[in-house]
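> Provide a 3D model corresponding to the input given below.
(chains A and B)
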Amino acid sequence: MTTTTTAVPVTTREETPPVRRRRRGLAPGRRLPATRLIGPALLLALWAAASAAGRLDPGAVPAPWTVLRTAGHLWTAGTLPTDIATSVERAAYGFAIGLVAGVVLALASGLSRVGEALIDGTVNLNRAIPTLGLIPLFILWLGIGETFKIAIIAIVVYIPIYLNTHAALSGIDSRYVELAEVQGLSRLRFIRQIVIPGALPGFFVGLRLGVTGSWLGLVVLEQINATSGLGYMMFQAQNYGQSDVILVGLLVYGVFGLVSDSAVRLIERRVLSWRRTLSS
Amino acid sequence: MAPHTEQLTRPAVRLRGLTRSFDGRTVLDGIDLDLPAGQFTALLGHSGSGKSTLLRAVAGLDHKVTGSGRLDAPERVSVVFQDSRLLPWRRVLDNVLLGLDGKDAERRGREALAEVGLEGRERAWPNELSGGEAQRAALARSLVREPELLLADEPFGALDALTRIRMHGLLRELWKRHRPSVLLVTHDVDEAIVLADRVLVLDKGRIGLDLTIDRPHPRSYRDPLLGEYRERLLAALGVTEDHA
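Numbers count the residues shown, from 1 in each chain, chains lettered A, B, ... in the order given. Purely as a prediction, here's the structure:
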């Protein structure tokens, strides 16, 4: 037996040998805490500085503190709380209906051939029509009240959830189907223990797209046909040239989007904790 | 070791005129075969010789394949695949318990994991295991069901050589303790010789050679007496030592 000792560096000089070979690392390196906030913070600082220096037309881009003051004013003396409540309610109803519809349709279509024949083509047809193009028809059918707004948001939400969940369901690895047969799983258990957990990653992709979609639908609907809500507030502000009010509306929309997306991501991380990817 | 006479009288698997074909191409051509209960059998063959088709037929996994013939197999059959086929979203213990019922199922699952040397890894996720560990978990999953027949489709094919040798010892030991009939499909002649008491060679859809290996266990790759078996098996596979 010969033992190779090439791993031990031979030192001919006095200096201590390097602990490891120098090799260029290709991974981007460890992520520093809160680094993602640096970009937005810089932008905010630039905006504040430009406003303070008087380089921005306050009629077009009001200063950050003006926006905050307007927000405070609208909150205490204005209609901002009710506007927010109205908007959130619309988005939440639409989103909830879209979520349930997307999941139920995906399950029905992904787990049975009859369901697939009836549902999949229909949904894809629905997808081909831009949902916002349905607005005139829905106003005729449902009137200009809340029902039509919720219906449009639900459609915007259910399509990505259906598509991604259905793709994940029908993409279940056939080797797992074989395993379920060998282990003698009943159909119900097969669905509960293999199909649904296997489809969850796809479902979450759809869920995140759906959440974004619900805010997008909301913004469009409230600016076209509404007498209340955030979009209505912004639309009115446009008529009166109140750019600070518009910015308050955008700020609230931004917070909504950020909070809902973070919530979905948090749930996703919890539920899919078995997945270890590059980002972990 | 002494054969269990009372077990050997009743065949665990009985095939009569088993035929299977894909798109008009006959893969299994009227196979007659008895596997006695408790016997450790290896099935050798080239890739494409139909050995996996035979295993899948016995496992009842070939719904979409045209074929005929009679097939009797036990009620409790377990299959070990080449990949460990652990569900990545279930922890190791839950993978072992897949499809298992009863209130003592968890205890049995833990025992099975301990038997394959994975004690303490019950709560691990499958992608935290090495290839050998994953395959041991797969063995535990198949054994916890106390199968009468264990079918293994190249179970060590994806492992490195050192891990494979360790797994050979483990499989043989588990077989000795539980005594299921084993049908091990492999293309590795040495693996078949070291592990099995009977080696079948599948050639052109038929059993080309049926060889009983009457040597004590544990066997070593270097046992010169096994060389004779190796030559006969290689010849049946159409390989001579010069070319090998």
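
> is B:G208 in a helix, a strand, or coil?
Secondary structure, DSSP: H, G, I helix; E, B strand; the rest coil: B:G208 is strand.

> wait, it touches B:A235, no?
No. If you go by Cβ atoms under 8 Å, B:G208 and B:A235 don't touch, sitting 10.1 Å apart. The way it works is simple: take the backbone N, C-alpha and C, and place the C-beta from them, glycine included.

> more neighbours: the two, which one.
Neighbour totals were compared for B:G208 and B:A235, and B:G208 leads with 17 against 13 (other Cβ atoms under 10 Å in any protein chain shown).

> excluding its backbone neighbours, what's nearest the more buried one?
Among residues not flanking B:G208 along the chain, B:V201 sits closest, at 4.6 Å (Cβ to Cβ, 6 or more residues apart in numbering or on different chains).

> in its sheet, what does the strand or helix carrying that neighbour sit against?
Assigned by DSSP states H and E, B:V201 belongs to strand B:198-203. Strand B:198-203 has the following strand partners under DSSP bridges: strand B:40-44 (parallel), strand B:206-212 (antiparallel).

> other SSEs contacting the following helix or strand past the longest one?
Tracing the chain past strand B:206-212, the next element assigned as helix or strand by DSSP H and E is helix B:224-236. Contact partners of helix B:224-236 among helices and strands, from 3 or more Cβ pairs under 8 Å, 6 or more residues apart in numbering or on different chains; DSSP states H and E: helix B:189-195, strand B:198-203, strand B:206-212.

> next, the angle from the shortest one to helix B:224-236.
It refers to strand B:198-203. 20 degrees (axes from the mean of the first three to the mean of the last three Cα atoms, to 10 degrees).

> run through the residues of the stretch 51-200 of chain A sitting next to chain B.
A:175-176, A:178-185, A:189, A:193-194, A:197-198, A:200 (Cβ under 8 Å from any Cβ of the partner chain).

> run a quick neighbour tally on residue 132.
Reading this off chain A. 14.

> chain B, not that one
B:G132 has 20 nearby residues by other Cβ under 10 Å.

> one more: B:L143?
B:L143: 24 neighbours (other Cβ under 10 Å).

> surely it is in contact with B:R76?
No. B:L143 lies out of contact with B:R76 (Cβ under 8 Å); the separation is 11.1 Å.

> looking at chain A, which residue is nearest chain B?
A:Q183 (3.5 Å; Cβ to the nearest Cβ).

> my read: that residue touches B:L98, true?
Yes. Between A:Q183 and B:L98 there is a contact under Cβ under 8 Å: 5.0 Å.

> what packs against the longest helix along chain A?
When chain A is parsed with DSSP state H, its longest helix is helix A:80-111. Applying 3+ Cβ pairs under 8 Å, 6+ apart, one finds that helix A:80-111 contacts helix A:64-77, helix A:113-128, helix A:146-170, helix A:196-224, helix A:230-239, helix A:243-271.

> next, the angle helix A:146-170 makes with it.
Using the same axes, to 10 degrees, the inter-axis angle of helix A:80-111 relative to helix A:146-170 is 40 degrees.

> what is the mean pLDDT for the strand holding B:V201?
Mean per-residue pLDDT for strand B:198-203: 93.

> buried residues in it?
B:R198, B:V199, B:L200, B:V201, B:L202, B:D203 (16 or more other Cβ atoms under 10 Å in any protein chain shown).

> what subset of the residues of the stretch 51-200 of chain A next to chain B is buried?
Buried members of those, scored by 16+ other Cβ under 10 Å, are A:176, A:178-185, A:189, A:193-194, A:197-198, A:200.

> helices - which of those residues land there?
A:Y176, A:E178, A:L179, A:A180, A:E181, A:V182, A:R189, A:P197, A:G198, A:L200.

> residue contacts, the last one?
Listed by Cβ atoms under 8 Å, 6 or more residues apart in numbering or on different chains, the contact partners of A:L200 are A:A168, A:V271, A:L272, B:W89.

> near B:S142, how many other residues are there?
With other Cβ under 10 Å as criterion, B:S142 counts 24.

> so how far is chain A from B:L98?
Relative to chain A, B:L98 is positioned 5 Å away (Cβ to the nearest Cβ, to the nearest Å).

> among the helices and strands packed on helix B:224-236, which comes closest to B:L15?
strand B:206-212 (9.6 Å; Cβ to Cβ).

> tell me the buried residues in that closest one?
Neighbour-count burial for strand B:206-212 [16+ other Cβ under 10 Å]: B:I207, B:G208, B:L211.

> what's the offset of that strand from the middle of its chain?
Remark: strand B:206-212 is offset 17 Å from the chain centroid, using Cα atoms, centre = their mean, to the nearest Å.

> just the CA atoms of it, as PDB, please.
Extracted in PDB, the C-alpha atoms of strand B:206-212 (Å, rounded to 0.1, in the frame of the first residue of the first chain):
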ATOM      1  CA  ARG B 206     -36.500 -16.500 -22.700                       C
ATOM      2  CA  ILE B 207     -34.600 -17.900 -19.800                       C
ATOM      3  CA  GLY B 208     -31.300 -18.800 -21.400                       C
ATOM      4  CA  LEU B 209     -29.600 -20.200 -18.300                       C
ATOM      5  CA  ASP B 210     -30.800 -21.200 -14.900                       C
ATOM      6  CA  LEU B 211     -27.800 -21.600 -12.500                       C
ATOM      7  CA  THR B 212     -27.800 -22.500  -8.900                       C
END
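
> who touches that strand?
B:29-33, B:197-203, B:229, B:232-233, B:236.

> widest-spaced pair of these?
Longest span within the contacts of strand B:206-212, Cβ to Cβ: B:G30 and B:Y229, 26.6 Å.

> which one of these two has more residues nearby?
Using other Cβ under 10 Å as the criterion, B:G30 and B:Y229 rank with B:Y229 on top: 19 against 14.

> pretty sure the more buried one sits against B:I193.
Yes. Assessed by Cβ under 8 Å, B:Y229 is found in contact with B:I193 at 5.4 Å.

> so for the two, which residues contact both of them?
B:V199, B:I213.

> of all of chain B, which residue lies closest to chain A?
Across chain B, the shortest distance to chain A (Cβ to the nearest Cβ) belongs to B:G99, at 3.5 Å.

> over to residue 21. Which of the three states is it?
Just so you know, I chose chain A. Assignment for A:R21 (three-state DSSP): coil.

> you answered for a different chain; I wanted chain B.
strand.

> how about the residues of chain B near chain A?
B:59-61, B:77-79, B:81, B:83, B:85, B:87-90, B:98-99, B:125-127, B:141, B:145.

> give me the buried subset of those residues.
B:59, B:61, B:77-79, B:81, B:83, B:85, B:87, B:89-90, B:98-99, B:125-126, B:141, B:145.

> among these, which ones are in helices?
Using DSSP H, these in helices are B:A59, B:R141.

> what stretches of the chain score poorly on pLDDT?
Here I'm looking at chain A. Scanning chain A for pLDDT under 70 picks out the ranges A:1-18, A:276-280.

> actually it's chain B I care about, not the one you picked
B:1-9, B:240-244.
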